[in-house]
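Engineer: structure here, sequence nowhere to be found:
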């Protein structure tokens, strides 16, 4: 009797191991349309993020020039009033520049995100319609 019990337990163990190795394949098969969509939209996403990175580099270079100009202006100052005026001008321009940059970056990110969503939806719908089983197409 004990050997019969052991065989049953061993059989269940083998089935569990087989199911464990089968699970990733099933999961990958279910996500295949989404992975295909991600790869197709990758080029548009890369281009969008390239534009964002370029914009940020231009902005950072501009702000660095402003920092250098502040140091040069401070070296020429002879009175506390001139120093105060230099800092006031600097921080006023910095606030304006950062405010404009936030608006610009928000617009760029919104554009990239909306393109990604549109591409994702179109490709997912296309992939879902082509990956239907025959019985699902017949039911539709």
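Structural biologist: Here it is on my side, so go on. The structure displayed is predicted, hence computed values, not measured ones.

Engineer: going forward, measure contacts and count neighbours with C-alpha atoms only.
Structural biologist: Noted.

Engineer: show me the shaky parts of the chain.
Structural biologist: 1-42, 120, 122-140 (pLDDT under 70).

Engineer: all helices for it, in order.
Structural biologist: Residue ranges of the helices in the chain, as given by DSSP state H, are 2-76, 80-130, 134-139.

Engineer: how many other residues sit next to residue 59?
Structural biologist: 15 (other Cα atoms under 10 Å).

Engineer: pretty sure it contacts residue 99?
Structural biologist: No: the criterion here is Cα atoms under 8 Å, and residue 59 misses it with residue 99 at 11.6 Å.

Engineer: and the gap between the closest residue to residue 112 other than its chain neighbours and residue 102?
Structural biologist: Counting by Cα to Cα, 6 or more residues apart in numbering, residue 48 is the residue found nearest to residue 112 once chain neighbours are left out, at 5.5 Å. Separation of residue 48 from residue 102 (Cα to Cα, to the nearest Å): 16 Å.

Engineer: settle it for me: which of those two has more neighbours?
Structural biologist: The residue with more neighbours, out of residue 48 and residue 102 and counting by other Cα under 10 Å, is residue 48; that gives 19 against 11.

Engineer: from what I can see the more buried one touches residue 114, true?
Structural biologist: No: judged on Cα under 8 Å, residue 48 makes no contact with residue 114 at a distance of 10.8 Å.

Engineer: next, give phi and psi for residue 79.
Structural biologist: Residue 79 adopts backbone torsions of phi -140, psi 160, taken as degrees, to the nearest 10.
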